[in-house]
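> can't give you the sequence, but here's the structure:
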């Protein structure tokens with residue numbers, strides 16, 4: 001089993017060695033074309049990477065997620081050493097340090113940089129840590145723009161000006177017009193901007209049929225070392241490592257991209273919202289992790305998809321739906337994140353105050369849809385967007401979980417979770433904690449939605465159509481409880497007023513029965529505050 005080297009030899013014979021710039025590479029900045037490498041001088045500058053405890057403990061990081069980051073970092077570090085670039089790498093195995101500030105302090109015992117250079121992190125907390133350290137040590141900080149994204153620096157801020165609402169659809173159209181992606185002159189390919197109406201297919205009773213086996217990558221020696229490190233230092237963190245097959249270097253990420261374009265993209269559009277028992281992947285790309293760690297660039301992924309469409313290999317609804325997730329949604333949530341931090345951290349527009357149910361951390365729950373979705377997360381660190389929004393997210397919304405608790409869960413549990421993309425999706429889109437900045441209404445539904453989009457309800461102990469009986473689906477029961485609690489807020493809402501009318505049409509007897517059933521549901525599922533520090 002190989003062990004990552006902790007550092008290169010000092011640049012000079014001085015102790016501590018005097019260098020021009022200490023150039024920080026974070027675990028989600030593994031792109032060789034990063035602005036960090038612009039004007040990099042191997043004779044005077046030093047690259048710096050660090051594994052620290054806090055990145056797996058500030059939220060109790062799923063072991064799959066922690067291994068993903070460490071394995072990808074160690075592979076990237078090896079590629080830098082292969083180029084003979086000067087690199088100071090701090091591993092948990094050599095120096096088990098608490099956080100980035102402790103790792104930087106240890107580094108200053110060996111090197112005396114005139115400046116610290118850093119690409120804008122994907123996490124406001126990390127940015128503040130580096131700013132605080134540099135201020136404390138009177139170390140100048142050069143903060144670089146992240147050239148990974150398609151939106152240009154300042155473009156989202158300029159687009160926001162003068163708008164009462166910041167809707168993703170119009171931001172998406174602006175980026176398409178500027179970039180020419182899926183455009184014919186100044187008109188969208190096919191004449192429509194959005195083919196979402198064609199992307200809501202469900203499977204028949206026979207299910208998806210025979211699927212191509214998912215492309216997974218056996219753990220090499222470097223990845224095995226990362227697995228051993230996580231098991232050693234974080235044995236009680238959630239998740240398991242029975243299998244780990246994520247791409248951890250650029251070559252593997254490119255292989256997964258090719259596999260998706262060839263095997264799954266043709267049917268991705270129609271079935272992107274569908275779910276099926278014991279089928280975690282279906283037609284989804286599984287590329288979000290490689291994108292968020294920057295093993296792939298969004299433009300190369302979009303280009304590959306667009307090229308397949310131009311060759312006639314995939315239909316327009318599939319390629320547009322996929323590109324919208326990257327060019328539209330991904331760029332949009334990043335713009336919102338940096339526009340609204342740190343305010344995001346305290347948003348709670350619906351005054352949700354309940355603790356997250358314990359089963360979110362264990363998967364031990366008698367609702368089949370949640371058992372299936374959470375087991376996937378524990379086993380693979382993965383769930384697709386409907387499982388996140390309309391199963392785990394929907395239940396948390398109806399349970400009225402305190403927003404920061406469900407945010408911590410999503411950040412901890414998914415391999416692709418970096419705060420810039422996770423937080424807006426959870427607090428805004430999923431939980432409506434922002435009061436409507438991202439979504440025009442809360443994404444609430446009864447168990448009927450899950451029954452329509454999956455076979456999860458088949459054989460479940462609960463019935464999705466029932467709200468107050470002994471076998472009533474907790475989603476359906478809590479849906480009506482949620483509407484009753486927030487009736488005044490949504491009674492005149494253009495998209496929820498009809499649902500409130502259905503609530504008002506219920507008899508007093510039915511309302512009392514639903515309220516009693518809701519009490520049973522809440523007593524049935526323990527909800528204790530999981531320690532996140």
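Thanks, I have it. This structure is a prediction, so every number in the text was calculated from the model and none was measured.
> quick one, helices of the stretch 201-350 of the chain?
For the stretch 201-350 of the chain, applying DSSP state H, counting those that start in this stretch gives helices covering 221-233, 250-259, 265-271, 288-292, 298-310, 316-323, 331-340.
> low-confidence ranges in this structure?
Residue ranges of the chain with pLDDT under 70: 1-15, 530-533.
> The helices of the stretch 201-350 of the chain into CSV, with extra columns for distance to residue 69 and mean neighbour count?
For glycine as for every other residue, the C-beta is placed from the backbone atoms N, C-alpha and C. Shown next, in CSV, are the helices of the stretch 201-350 of the chain (distance: least, C-beta to C-beta, whole Å; neighbours: other C-beta atoms under 10 Å):
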stretch, distance to residue 69, mean neighbour count
helix 221-233, 8, 19
helix 250-259, 14, 18
helix 265-271, 27, 21
helix 288-292, 10, 24
helix 298-310, 20, 18
helix 316-323, 25, 24
helix 331-340, 19, 20
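> Those: which one's closest to residue 476?
helix 265-271 (24.9 Å; C-beta to C-beta).
> Touching that closest one from outside, list them.
Applying C-beta atoms under 8 Å, 6 or more residues apart in numbering, the external contacts of helix 265-271 come out as 195, 198-199, 201-203, 208, 260, 282-285, 305, 308, 313-315, 317-322.
> related to what we said a few turns ago, right, and the helices of the stretch 201-350 of the chain - which one's nearest residue 125?
That would be helix 331-340 among the helices of the stretch 201-350 of the chain, by C-beta to C-beta, at 12.1 Å.
> Show me how far the helix or strand following the closest one is from its chain's centre.
Of the helices and strands lying after helix 331-340 in sequence (DSSP states H and E), the nearest is helix 359-362. Between the centre of helix 359-362 and the centre of its chain there are 18 Å (C-alpha atoms, centre = their mean, to the nearest Å).
> which of the residues in helix 359-362 are buried?
Under the neighbour-count criterion of 16 or more other C-beta atoms under 10 Å, helix 359-362 has 359-361 buried.
> Quick one: neighbours of residue 167, just the number.
Burial of residue 167 is recorded as 14 neighbouring residues (other C-beta atoms under 10 Å).
> whoops, I mixed them up, residue 205
Neighbour count of residue 205, defined by other C-beta under 10 Å: 6.
> Next, the contact list for residue 127, please.
Applying C-beta under 8 Å, 6+ apart, the residues near residue 127 are 120-121.
> Just the strands from the stretch 101-250 of the chain, written as ranges.
Taking DSSP state E, counting those that start in this stretch to define them, one finds strands in the stretch 101-250 of the chain at 111-119, 141-144, 183-184, 187-188.
> how about those in TSV, adding mean neighbour count and distance to residue 98?
Below are the strands of the stretch 101-250 of the chain laid out as TSV (neighbours: other C-beta atoms under 10 Å; distance: least, C-beta to C-beta, whole Å):
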stretch	mean neighbour count	distance to residue 98
strand 111-119	20	19
strand 141-144	14	21
strand 183-184	12	49
strand 187-188	15	50
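> which one of the ones you listed lies closest to residue 387?
Residue 387 lies closest, by C-beta to C-beta, to one member of the strands of the stretch 101-250 of the chain: strand 187-188, at 29.2 Å.
> re the thing from before, quick check: which of the helices of the stretch 201-350 of the chain is nearest to residue 407?
Among the helices of the stretch 201-350 of the chain, the nearest to residue 407 by C-beta to C-beta is helix 331-340 (12.1 Å).
> and that closest one, how far out from the chain's middle?
Relative to the centre of its chain, helix 331-340 is centred 14 Å away, using C-alpha atoms, centre = their mean.
> Which strands and helices lie in contact with it?
With contacts defined as 3 or more C-beta pairs under 8 Å, 6 or more residues apart in numbering; DSSP states H and E, helix 331-340 has these neighbours: helix 155-160, helix 168-179, helix 419-423.
> before we move on, the earlier item: just put the strands of the stretch 101-250 of the chain in JSON lines and tack on distance to residue 243.
Shown next, in JSON lines, are the strands of the stretch 101-250 of the chain (distance: least, C-beta to C-beta, whole Å):
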{"stretch": "strand 111-119", "distance to residue 243": "32"}
{"stretch": "strand 141-144", "distance to residue 243": "37"}
{"stretch": "strand 183-184", "distance to residue 243": "41"}
{"stretch": "strand 187-188", "distance to residue 243": "41"}
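> Just tell me which of those ends up closest to residue 251.
It is, among those and with distance given as C-beta to C-beta, strand 111-119, at 22.5 Å.
> That closest one pairs with which strands?
strand 17-24 (parallel), strand 141-144 (parallel) (DSSP bridges).
> looking at these, which is closest to residue 289?
Among the strands paired with strand 111-119, the nearest to residue 289 by C-beta to C-beta is strand 17-24 (21.2 Å).
> so which of the helices of the stretch 201-350 of the chain comes closest to residue 382?
For these, the distance to residue 382 is smallest for helix 288-292, at 8.4 Å, taking C-beta to C-beta.
> The closest one: how far from the chain's middle?
Centroid separation for helix 288-292 versus its chain: 9 Å, with C-alpha atoms, centre = their mean.
> and for it, what are the contacting residues?
With contacts defined as C-beta under 8 Å, 6+ apart, helix 288-292 is touched by 28, 68, 122, 246-247, 253, 256-257, 296-298, 301, 326, 330, 415-416, 418, 421.
> Can you list phi and psi of the most centrally placed residue in the chain for me?
With distances taken as C-alpha atoms, centre = their mean, the residue of the chain nearest its centroid is residue 417 (3.5 Å). Residue 417 has phi and psi values of phi -80, psi 110 when expressed as degrees, to the nearest 10.
> Name all residues that make contact with it.
Residues near residue 417 by C-beta under 8 Å, 6+ apart: 65, 410-411.
> Next one: it from residue 69, what distance?
Residue 417 is 10 Å from residue 69, where distance means C-beta to C-beta, to the nearest Å.
> repeat for residue 519
Separation of residue 519 from residue 69 (C-beta to C-beta): 42 Å.
> What of residue 400?
Between residue 400 and residue 69 the distance is 32 Å, computed by C-beta to C-beta.
> what does residue 449 give?
34 Å.
> The two: which is more packed in?
residue 69 (24 against 19).
> That one: what's its closest spatial neighbour, skipping adjacent residues?
residue 27 (4.4 Å; C-beta to C-beta, 6 or more residues apart in numbering).
> From one end of stretch 461-474 to the other, what's the distance?
End-to-end distance of stretch 461-474 (C-alpha to C-alpha, to the nearest Å): 11 Å.
> Excluding sequence neighbours, find me the nearest residue to residue 524.
Closest to residue 524 by C-beta to C-beta, 6+ apart is residue 474, at 7.9 Å.
> quick one on the thing from earlier: in strands only, show me the contacts of residue 417.
Per DSSP state E, strands hold no members of these.
> Go through these and give me the one with the most neighbours.
Going by other C-beta under 10 Å, residue 65 tops those with 28 neighbours.
> I'd say that one and residue 380 touch.
No: using C-beta atoms under 8 Å, residue 65 is not in contact with residue 380, being 10.3 Å away.
> Surely the residue nearest to residue 69 is in a helix?
No: counting by DSSP: H, G, I helix; E, B strand; the rest coil, residue 27 is located in no helix; its state is coil.
> Could you report the distance from it to residue 298?
18 Å.
> And residue 525, by the same measure?
39 Å.
> Residue 373 is in contact with residue 394, isn't it?
No: in this structure residue 373 lies outside contact range of residue 394 using C-beta under 8 Å: 10.3 Å.
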